[in-house]
Structures are given as C-alpha cells and as structure tokens.
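**Q** Based on what follows, work out the 3D shape:
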Amino acid sequence: MSNTPLHQYRASFDTWGPWALLGAGVVTGTLSARLIGMDRPGIVATAVLVPAAVVLQLYWGRVKRKRPGPSRTGACLYLLRWAIAFVLTWANPFFAFYAVTGYYTAGRELSRRLVVPGLFLTAVTMAGSEIGGWPPHGLVLWLGFFLVLAINMGMVSVFTRFAEQEQTRLSVQADTIAELERTNKALQLALDENAALHAQLLAQAREAGVADERRRLAAEIHDTIAQGLTGIIAQLQVVANAPDLDTARTHLERASTLARHSLGEARRSVHNLVPVALAADGLPQALTQTVAEWGERTGVRAEFTVTGTAEQLHDEISATLLRIGQEALSNAARHARATRVGVTLSFMGDEVTLDIRDDGTGFDPAAVPPRTRAGGFGLDGMRARAERVAGSLTLESEPGHGTAVSARVPLVRDDR
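**A** Numbers count the residues shown, from 1 in each chain. Here you go, the predicted structure:
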C-alpha cells in the first residue's frame with residue numbers, strides 16, 4: 001500500500017483531473033452523438049469548443065504555477081470554462097463529465113464570495129444534463145429542471161458545509177500544532193535553563209562540601225592533635241618540675257602515650273575514619289576510656305554513667321558525641337579548675353544525650369566574646385558538630401556554680 005500522503009493525490013488530481021474529465025466527455029459524446037441525434041450546429045460547436053477547452057486548460061496550468069490560489073484571472077478562467085462546458089452540454093448532455101470540474105475547483109479558484117455563484121452555474125449545467133439536455137421542452141421538463149437544480153444545490157450546500165468544517169478543523173489543528181511547537185520550544189528552553197541551574201547547584205554543592213570537609217578536618221585536627229599536644233605539653237611541664245626520677249618517668253610515659261594516641265587519631269582523620277577509641281568498641285566503651293584517661297591525666301575525679309538501653313550507633317553519631325565529650329573535658333581541664341566532673345550518656349527513645357557537668361569556677365556565657373579565627377573551635381566547634389548531624393548543643397554556666405554542657409542528637413542506629 002502506497003505511503004503517498006493524501007494531499008499529494010489531490011495535487012495530482014488537480015493537474016490531471018480536468019484532462020481526464022474532458023477526455024471522458026469527448027469519448028462519451030462521440031459515442032453517443034448518433035444515438036442522441038446531434039445536429040450539425042452541435043457537431044460544429046463541439047469541434048470548435050473541445051480544442052478551445054484544451055487550450056484553456058494549458059493556459060490555466062501556466063497561470064496556476066505562477067499564481068496559485070484565488071485571483072481575478074482565475075475567476076475569469078473559471079467563468080470561461082463554465083461557458084464552454086455549458087455549450088458543450090447543450091450540444092451533447094454527456095459533456096457534463098467535463099462540466100463537473102467546476103464543482104471541485106470552485107473553492108480553490110474563486111474568492112469566498114464567488115464560490116456559491118460559481119457552484120450555482122455548475123449546478124445549472126449539471127441539472128440541464130440530468131433532465132436530458134438543453135433546452136427543456138415543455139412545462140414538465142422545466143419543473144424537472146428546477147427540481148434537479150434544487151437537489152444539486154442542496155447537495156452542493158451540504159458538501160460545501162462539510163468542506164468548510166473540515167477546513168476549520170484543519171486550521172484549528174494547524175494552530176494547535178503551531179502552539180504545541182511554541183510550547184515545546186519554551187519547554188526546551190526551560191529544560192536548558194534548568195540544566196544550567198542544576199549544574200550551578202551541583203557546583204555550589206561541591207563547594208559547600210569542600211568547605212564542610214575543611215571545617216570537619218580542622219575540627220578533627222583541633223580535637224586530636226591540638227588536644228594531644230596540649231596534654232603532652234602539660235605532662236612535660238610536670239616532668240620539668242618533677243621532684244624525683246620516678247615522677248618524671250611516669251609523666252614521660254603519659255606524654256609518650258598521648259603522642260602515640262594523637263598520631264593514630266591524625267592518621268585516621270586523614271583517612272576519614274572513626275576515632276581510634278571507636279575503632280574496636282562502641283560509644284559507651286570509648287567514653288568510659290576517655291573519661292578514665294582524662295581523670296588520671298588531670299587528677300580530677302571523673303565519673304561516667306550510661307542511662308537507658310545502650311544501642312550500636314552510626315559511626316558519625318558516635319564520633320560526634322565522642323568529640324564533643326573530649327572538647328568539653330579539655331575545656332574543663334583548661335578553665336574550670338574543677339574537683340569533680342560527671343559525664344552521662346543517655347539513650348532516650350529516638351534521641352541520645354551527652355551531658356558533661358563540672359563543679360568548677362563557671363562563667364557568664366553572655367560575656368564570652370565571639371570566637372576569632374585563631375581562637376580555636378571550643379564551644380562553636382561543639383555546636384557545629386551537633387548541628388551537622390541535626391542535633392543541638394546547650395550550655396549552662398554561672399560564675400562560682402560550675403558548667404553544664406548538653407549535646408542532643410538523633411538516635412541513628414548502625415545498619416551494618
């Protein structure tokens with residue numbers, strides 16, 4: 001089955017259809033001439049008008065190639081062809097084959113206001129042919145002529161209406177397609193803009209990730225190397241003032257242990273691993289060890305307590321709480337001058353809380369100046385760590401009444 005579009009068939013028929021209908025009229029008119037008894041004037045008219053119709057059709061083809069669509073020239077040629085077809089049909093009714101050409105060319109050759117008159121003229125020719133030829137003889141044939149003419153015009157009106165509706169539908173369809181194309185272009189433009197925005201957001205996310213990783217590494221260095229070096233310096237200061245060799249040796253061993261511990265922490269921070277204390281045990285065990293070592297190192301009475309049902313936490317949650325605990329203990333050692341410190345890890349349903357309380361000198365939190373770039377991480381670092389895992393950190397302190405630090409984070413279990 002051919003895939004040639006329908007409009008190509010139509011264009012082909014517009015070119016060759018009039019020739020085929022003229023040929024059909026000539027053949028049927030010639031074969032029927034003796035049967036209907038054509039007189040000499042009819043034969044002469046046919047002999048003259050058939051070549052005229054051929055010349056007209058040739059000229060029409062040239063005009064349409066130059067100026068397709070309705071025009072004054074086209075209207076004149078349509079009227080001339082109708083006149084030729086009318087006379088030929090008068091001479092021989094079978095030339096109505098040629099006259100029918102006016103039906104399907106009126107809509108394309110004539111302007112909108114001339115279409116109905118052109119169709120009426122063609123219907124007159126066709127009605128005359130259908131009652132037996134021109135002119136009608138007698139009242140009955142004239143009545144038959146008007147009846148057939150009315151039927152023809154009714155059919156023409158119906159089909160013309162259908163054609164107009166189809167043309168309207170095609171016009172609406174064309175407008176819809178054009179609108180869809182415009183919409184598609186706008187959508188494509190929006191998609192391109194969205195892709196550019198997405199790329200920009202990815203770049204910003206990468207930059208934010210780099211900045212966040214830098215802050216994390218800075219905090220890791222502060223919580224490991226800086227605190228370790230502080231502890232080592234403190235032990236060496238004791239060594240420098242030690243009254244005997246045994247005391248000096250004890251503190252040197254502690255300094256050495258701190259140095260090895262800090263080195264391990266630094267290596268694991270570089271490799272983005274969990275703290276050394278969490279490598280083998282869970283958070284409760286790591287905090288137990290951290291608090292015990294801190295108390296031994298500072299000489300301050302330190303106690304660690306676990307409340308609730310302990311669970312295996314996600315590495316990031318465990319590391320966050322451990323670092324906050326280490327920083328709070330480090331601050332207590334440097335500033336609090338406390339005699340007792342209590343650390344409590346509480347498992348409460350969907351939250352985990354770490355509380356560090358001391359009975360030291362305390363301070364006024366409102367009087368603490370904002371952290372400078374060189375001022376370490378301290379409270380700001382602990383708060384940032386808690387917020388990074390959707391948690392929070394609160395501080396309560398009063399001069400002469402000690403300090404309490406409380407970190408509250410979501411309970412995220414280890415799924416491994």
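**Q** ok, Gly138 to Ala127 distance?
**A** Relative to Ala127, Gly138 is positioned 16 Å away (Cβ to Cβ, to the nearest Å). Glycine gets a C-beta too; all of them are placed from N, C-alpha and C.
**Q** okay, those two: which has more neighbours?
**A** More neighbours surround Ala127 than the other of Gly138 and Ala127, with 22 against 8 (other Cβ atoms under 10 Å).
**Q** Do I have it right that the more buried one meets Leu143?
**A** No: counting by Cβ atoms under 8 Å, Ala127 sits too far from Leu143 to count as a contact (11.8 Å).
**Q** so which helix or strand takes in the spatially most central residue of the chain?
**A** Nearest residue to the geometric centre of the chain (Cα atoms, centre = their mean): Leu191, 5.8 Å. Taking DSSP states H and E as the definition, Leu191 sits inside helix 139-221.
**Q** Just after that helix, pick out the following helix or strand.
**A** According to DSSP H and E, the helix or strand after helix 139-221 is helix 227-240.
**Q** roughly how far is that following helix from the heart of the chain?
**A** 60 Å (Cα atoms, centre = their mean, to the nearest Å).
**Q** who touches that helix?
**A** By Cβ atoms under 8 Å, 6 or more residues apart in numbering, the residues outside helix 227-240 that reach it are 247-248, 251-252, 254-255, 258-259, 261-262, 265, 297, 326-327, 330, 334.
**Q** Buried residues, it. List them.
**A** Judged by neighbour count (16 or more other Cβ atoms under 10 Å), helix 227-240 contains these buried residues: 227-228, 231-232, 234-235, 238-239.
**Q** Next: stretch 288-307.
**A** 288, 290-291, 293-295, 297-298, 300, 302, 304, 306.
**Q** Distance of Val100 relative to Ile233?
**A** According to Cβ to Cβ, Val100 and Ile233 sit 114 Å apart.
**Q** Next secondary structure element downstream of the helix or strand harbouring Pro41?
**A** Assigned by DSSP H and E, Pro41 belongs to helix 40-66. Counting by DSSP H and E, the element after helix 40-66 in chain order, helix or strand, is helix 72-91.
**Q** quick one: contacts of that next one?
**A** In contact with helix 72-91 (Cβ under 8 Å, 6+ apart) are residues 25, 29, 38, 41-43, 45-46, 49-50, 52-53, 56, 59-60, 63-64, 67, 95-96, 98-99, 101-102, 105-106, 109-111, 114, 118, 121-122, 124-125, 128-129, 133-135.
**Q** Go ahead and build a PyMOL selection from the buried members of those.
**A** The PyMOL command for the buried members of these (criterion: 16+ other Cβ under 10 Å) is given here:
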select buried, resi 25+29+38+42+45+46+49+50+53+56+60+64+95+96+98+99+101+102+105+106+109+110+114+118+121+122+124+125+128+129+133+134
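**Q** Could you pull out the strands in the stretch 301-416 of the chain for me?
**A** Ranges of strands within the stretch 301-416 of the chain are 301-307, 340-348, 351-358, 392-397, 403-410, based on DSSP state E, counting those that start in this stretch.
**Q** which regions of the stretch 251-400 of the chain lie under the pLDDT threshold?
**A** Applying pLDDT under 70 to the stretch 251-400 of the chain picks out residues 263-277, 279-280, 369-377.
**Q** Can you show me the helices along it?
**A** Remark: helices assigned in the stretch 251-400 of the chain by DSSP state H, counting those that start in this stretch are 276-280, 283-298, 315-331, 378-388.
**Q** right, and those - which one's nearest Leu180?
**A** Nearest to Leu180, of all the helices of the stretch 251-400 of the chain, is helix 378-388, at 48.4 Å by Cβ to Cβ.
**Q** Not counting sequence-adjacent ones, nearest residue to Val115?
**A** Once flanking residues are discounted, Val115 sits nearest to Ala106: 5.2 Å by Cβ to Cβ, 6 or more residues apart in numbering.
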